[in-house]
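# quick one, what's the 3D model for this:
(chains A and B)
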There are 2 protein chains.
Amino acid sequence: MKPVRCLALALVPTLILLPQLLLAQAPSETPKPLDGYSQAASATEQSWETKFRTLPEPDHIREDMRILSARPHHVGSPYDQQNAEWMLAQFKSWGWQAQIENFYVLFPTPKERLVQLLDASGKPVFTASLQEPPIAVDSTSSQTKEQLPTYNAYSADGDVTGPLVYVNYGTREDYEELDRLGVSVKGAIVIARYGAAWRGIKPKVAAEHGAIGCIIYSDPADDGYGVADSYPKGAGRPAEGVQRGGVNDTEFPGDPLTPGVGATKDAKRLDRKDSPIITKIPVIPISYADATPLLKSIDGRVVPAGWRGALPIPYHVGPGSQDKVHLKMFSNWEMKTLYDVIARIPGSTYPDEWVIRGNHHDAWVNGASDPVSGMSAELEEARSFGELLKQGWQPKRTIIYCAWDGEEPGLLGSTEWAETHADELRQHAVMYLNSDGNGRGYFFAGGTHGLEHFIDSVASQVIDPEKNIPIIERTRLLQISHATPAERATIRNRSDLRIRALGDGSDYVTFMDFVGIPSLNLGFGGEDHGSQYHSIYDDFYWYTHFQDTTFVYGRALAQVAGSAVMRIADAELLPYNFNNTADTVSMYVDQVQQLLKSEQDKVAETDREIKEGVFSAISDPKAPIAAPKTEPIPPFLDFAPLQNGSRALTDAAQAYETEVSKLEAAGGTALDAPSIDAVNQKLMQTERAFFLASGLPDRPYFKHQLYAPGAYTGYGVKTLPAVRESIEQHKWPVAAKATVDVGGVLQKEADAITAAARLLPKAGQ
Amino acid sequence: MKPVRCLALALVPTLILLPQLLLAQAPSETPKPLDGYSQAASATEQSWETKFRTLPEPDHIREDMRILSARPHHVGSPYDQQNAEWMLAQFKSWGWQAQIENFYVLFPTPKERLVQLLDASGKPVFTASLQEPPIAVDSTSSQTKEQLPTYNAYSADGDVTGPLVYVNYGTREDYEELDRLGVSVKGAIVIARYGAAWRGIKPKVAAEHGAIGCIIYSDPADDGYGVADSYPKGAGRPAEGVQRGGVNDTEFPGDPLTPGVGATKDAKRLDRKDSPIITKIPVIPISYADATPLLKSIDGRVVPAGWRGALPIPYHVGPGSQDKVHLKMFSNWEMKTLYDVIARIPGSTYPDEWVIRGNHHDAWVNGASDPVSGMSAELEEARSFGELLKQGWQPKRTIIYCAWDGEEPGLLGSTEWAETHADELRQHAVMYLNSDGNGRGYFFAGGTHGLEHFIDSVASQVIDPEKNIPIIERTRLLQISHATPAERATIRNRSDLRIRALGDGSDYVTFMDFVGIPSLNLGFGGEDHGSQYHSIYDDFYWYTHFQDTTFVYGRALAQVAGSAVMRIADAELLPYNFNNTADTVSMYVDQVQQLLKSEQDKVAETDREIKEGVFSAISDPKAPIAAPKTEPIPPFLDFAPLQNGSRALTDAAQAYETEVSKLEAAGGTALDAPSIDAVNQKLMQTERAFFLASGLPDRPYFKHQLYAPGAYTGYGVKTLPAVRESIEQHKWPVAAKATVDVGGVLQKEADAITAAARLLPKAGQ
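This is a model prediction of the structure:
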């Protein structure tokens, strides 16, 4: 009875916070144990987690932010190293085993930058300032000596002059529109606004279309007074604010010279000229103050309606008939040292099973929001675990907390570490949990879907500080408010809230797509509008005036991430839920079939409209628009391998969960058996069953067949990427092969789950 | 054989223009006669129409525009009268019987205008210029002495001071949003941007919500550099451009003092204070140059995303915490004389059946586009008919061409004429065909649906000057390009292209909604972007540089409108097609049922979300948004009367058309019989069968039960208005009565058609 009494006590604070759970569950009933826990272990776990969630303190998070964001701390800067060493000391002071691991990466910084507007005679009539001026009330904004200049890392070196063409967001769809408008960027410099796709896509697609240079600017419609009052009155990007950022191609993440292997001192390195991920053309980011004279200089026809930003000008496509732009970008191509802080609490029972948690610590400049708001929450989890250690808690599994360096230029620190330790990780890791910049508002979670039910359960016990309801419930209500009627029905009827699939954008990529570890990415946001993303103004003054100013969402992040780490570290049976994965895969399989149908319909309709004369009839002779290109109607594809694989996965998942449910119904005592670890060992291999060793078509680095960053979206995920992208790109032979290959992968996953299920103890045994 | 030979000859030019018709119709077959024509009469008609369409000349239209727009010619101005007298002389010179009819109307002009921004101490810090400056290249823009100042006619007099609130477009939906934002306009002055609803709705709704003054400005997003380069570089409204316009309530059109009766010299007049259509609060229009400091002065929260315009500022809702606005507007409330030019060609066979064609001639200033582009086309039709008269043509019915005065302030000239002659018109009129400003691009047609098939047929014989295809075909292709898949299927499968239902916006209103005459409104446009609507810059220089610069669309308008006038004037049987009306009514009956369903679903969903806590969960404590108001779920309504009425109408229409088809199949000789006029007399009453003598609920002036201007949209039409608006406004008892009343009207229409059908000669008799 001890465990049950203990449980009742442990639940008191939770029940106070969650009266609705009381209603759902008569007090006299024995509460259902946590997934993967026996009754006894569940009660103990709830007790420790409840204690844990009282520990994180907003003031600590604030103080960590103040320290970590006090000076610019980009890769290679003195304060970057200093922060790493300070965190190392912190971890150690809280009882962690900690060390710094170094890697050696190519990190270019600007040597020469120029953006000039030339008149017809070649005389410069405007020179972009390429500067973010200090703002009086914001003390760290004047640390000009330590600030990295505004630039896009891994831009090709180049000195080019050409006419300027406005390409909207610079996506492939935008170039299709330009084609129809009869505008070529061949030999031109393009100016694209930030947004719609990841910034690195813009110079990539521009170069594919023959452009010789690329300027990227922050339009106030997307990032400025179109969103919020300008800083310092409000949170919005001011006229001179610039978004820095890497533009390296997404063929692989990490150091450009060491694809697939850790950038240790003696690693074999590519020559820089052979690295495929440095851009083909020079590229530079500018503010909208600098962009305005450039955009004004463009003539030609007025842009299509959706291409307008919020500047007070009639946007033109160009090219400019008279003026040209002179763009110069040269970097110091230097090797820099990364400082990854790696801290551990050894596991008591399964020390060789690792729960990994990470957030990066490097910033483009001071980076209060990105990444310090997330890093400080992670530190507060670590401090709280230190408190629990003092109270006698010890996790069953080893917990590894990481503070990554070099995320900003291209996920360098996490990638090089994961590549270096890939074999160990494949053997030992049960989860990678990531966070990054954190804000005020709604909880969001993305990840691999075997962890969907798990993280939803954890998030149902963390309380939103503004609304006093579980954070997952607030997200569910937000989703209802945005949903179509069909989506609303799903949200209301499905027991778990769907988490997002992950593409690119933070340090989970290599863990998920190259190593193959079940991964999550968590955070809060959505309430504070306006951003200083990758600018000198993303600093302590700005954050503490306009973002999570009381750090209660920093605390909530520490609570949910720390609880998740504890719960998976202490579970007897790893709480992966394959039903959710199977349900999600089945949805993706439906989606790719619908996608093909919609591509077929689109081509057929376009073809019909061309024959009817629609495009000729609607083309204004004074501003002609050509018809879209014709092509054969997409062929039907054999989706049976995918459908069969999906069904096999569904069946295997259900069979597994049925067995687990029986164990739980029997009080879960069987979970306590030492033999359960054999199941866990099998379970730890299940995520990699989704891998193909050859990776995606044309992207061998990316092994996972359920998720990948889009080849032409960057951040944006593509699910069933081999199938989906080949259909989107009308590569029919590739698509035909992919349905077979990915169908096989789904079958492989089903087999892996079945193998784990066979090892489960039988209920009552 | 004579008619057939004659027909073949007559068709030659048409066949050259329309090669696709040749394909559809083997040359050896006898062509189908025009609707309502015997074979013989059809051939003659085609011959005359073909001749007619060669006559209008772009250079004449250009010259007419040059003359009519040479000076400001608003109601009461010397040039307004001079234009009328010049047109009178023109009509006479072309062989028309013509006269000027005068009416005497209340037409206010500005006496005092002031818009000032006051600081906290009441000191003025900005005074709006309220001026449109002359532009050097545009000679008539400097006729400042004759230009009406920028103002909204029929604004209440007033001198008010209050805080300023930005209300987006100032529609009812915008005030619902303001309610949720917790912002009241009580005691405030509102600033609304032009667009979304007719301008008069803005002060009306503002006053309903307690505002004390209303400023309307042209935001560049909707009307300025968001659309086109600024004038004179491009066609777009410049920073100082202002849209004048009437803001009288739409309770009835025409002179505010003589509702329902002609404003003749001795008409009984209301006292001005008793006229219900003068605004309740003072209102004034301004440019975006004048609006910018006002909008900048507003604090409070940033607007919802859809409320942003294109000014380079973060739009705020307000109210301003410090600054106030001082608004003064006083008018000279004077009586002015209207000059309607009325010209006739008497009918040879049915002189007592009238075909009426109109366009207004008054402008807010020079009005090259509005209205002179349409007026000049109408004049060119009249000149061309003069040519035909010389060649021996004479219409069977009397043709009446009108040039209306006083359209701009409130359809004054057309309304007072139609009210004065209402009884005669009900007895004699077979069609009213309207046009107004004309531009380059696509043919558009709106009207009563009995004329849908008729105008589609006429438009299939007029060739688009840019595309060399029939104008109706180009419109069809445009519609396909914009349509949803379901809409596309309808457009492709329905033999006639749907014409728009008409609300308000030009001189057809009284003819259609008060007198009850089948009506059409025609024109071209859609290709030239940018507008100088109701500004001093809508003049000859602007029009000839940026609009239908070669006047080929002026010619096309003359061709289609003139052909339509001829064809209905000469038809033996009036070519009303009731199948199209019945099909359209059936669609409307479906729509109002769907509307109720959607209102029920909306209320139920809102209610559910309130109970779930959605609105509370998504309300940011730093920028709260209240939940929408709750209300009982809308009741089910009995739609059977509408459905039965719609079916009766469908049956009667089909029976009528079947009889007519038999006559046509028999060569149509029976149509030639004198007895056919008895049918026509019945047909002329059919449009009025759609009337209820009591008019719409709360709007007795509007009798038509199929169409009306929306009570809260102004220009925008509401079809089945008594039913639709009462459902939209959740007035359930009104809606319940309306379904019965309107069902009865549909039955009445069915009976009227059946009565006409009974009088048709039988085929072979």
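
# which bits of the stretch 601-750 of chain A sit near chain B?
Residues of the stretch 601-750 of chain A that fall close to chain B, judged by Cβ under 8 Å from any Cβ of the partner chain: A:601, A:605, A:609, A:612-618, A:620-622. From N, CA and C alone the C-beta is placed, and that goes for glycine too.

# which member of those is positioned nearest chain B?
Set against chain B, the nearest of those by Cβ to the nearest Cβ is A:Ala617 (3.8 Å).

# average pLDDT across the helix or strand hosting that closest one?
Assigned by DSSP states H and E, A:Ala617 belongs to helix A:614-618. Averaged over helix A:614-618, pLDDT sits at 97.

# how distant is it from the center of its chain?
42 Å (Cα atoms, centre = their mean, to the nearest Å).

# how about stretch A:638-655?
Counting by Cα atoms, centre = their mean, stretch A:638-655 comes out at 28 Å from the chain centroid.

# so which bits of that stretch are buried?
For stretch A:638-655, the neighbour count (16 or more other Cβ atoms under 10 Å in any protein chain shown) marks A:639, A:641-643, A:645-650, A:652-653, A:655 as buried.

# and the closest residue to A:Gly76 other than its chain neighbours, what does it touch?
Counting by Cβ to Cβ, 6 or more residues apart in numbering or on different chains, A:Lys336 is the residue found nearest to A:Gly76 once chain neighbours are left out, at 3.6 Å. Neighbouring residues of A:Lys336 by Cβ atoms under 8 Å, 6 or more residues apart in numbering or on different chains: A:75-76, A:104-107, A:406.

# touching, A:Ala382 and A:Ala343? I think so.
Yes. If you go by Cβ atoms under 8 Å, A:Ala382 and A:Ala343 touch, sitting 6.6 Å apart.

# anything in contact with each of these two?
A:91, A:96, A:401.

# which neighbouring elements make contact with the helix holding A:Ala617?
helix B:471-482 (3 or more Cβ pairs under 8 Å, 6 or more residues apart in numbering or on different chains; DSSP states H and E).

# the shared contacts of A:Ala382 and A:Ala343 in helices, which ones?
Among these, the members found in helices (DSSP state H) are A:Phe91.

# between the contacts of A:Lys336, which is nearest A:Lys186?
A:Leu106 (30.4 Å; Cβ to Cβ).

# so A:Leu327 is in which element?
strand A:324-345.

# just A:Val205 next, same as before
helix A:201-208.

# list the contacts for the residue nearest the centre of chain A?
For chain A, the residue sitting closest to the mean C-alpha position, by Cα atoms, centre = their mean, is A:Gly505 at 3.5 Å. With contacts defined as Cβ under 8 Å, 6+ apart, A:Gly505 is in contact with A:198, A:436, A:715.

# need phi/psi at it.
phi 130, psi -20 (degrees, to the nearest 10).

# need the pLDDT of it.
A:Gly505 is given a pLDDT of 92.

# tell me which helix or strand comes right after the helix holding A:Ala617.
By DSSP H and E, the next helix or strand past helix A:614-618 is helix A:640-665.

# what's the mean pLDDT across that following helix?
Taken as a whole, helix A:640-665 has an average pLDDT of 95.

# quick one: distance of the helix or strand just after that helix to the chain centre.
For helix A:640-665, the succeeding helix or strand toward the C-terminus, using DSSP H and E, is helix A:676-683. In terms of Cα atoms, centre = their mean, the centre of helix A:676-683 is found 29 Å from the chain centre.

# how about helix A:676-683: buried residues?
Quick answer for helix A:676-683 (16+ other Cβ under 10 Å): A:676-677, A:679-683.

# next: stretch A:699-710.
So, applying 16+ other Cβ under 10 Å, buried residues of stretch A:699-710: A:699, A:701-710.

# just name the closest of those residues to chain B, please.
Ranked by distance to chain B (Cβ to the nearest Cβ), the buried residues of stretch A:699-710 are led by A:Gly710 at 25.4 Å.
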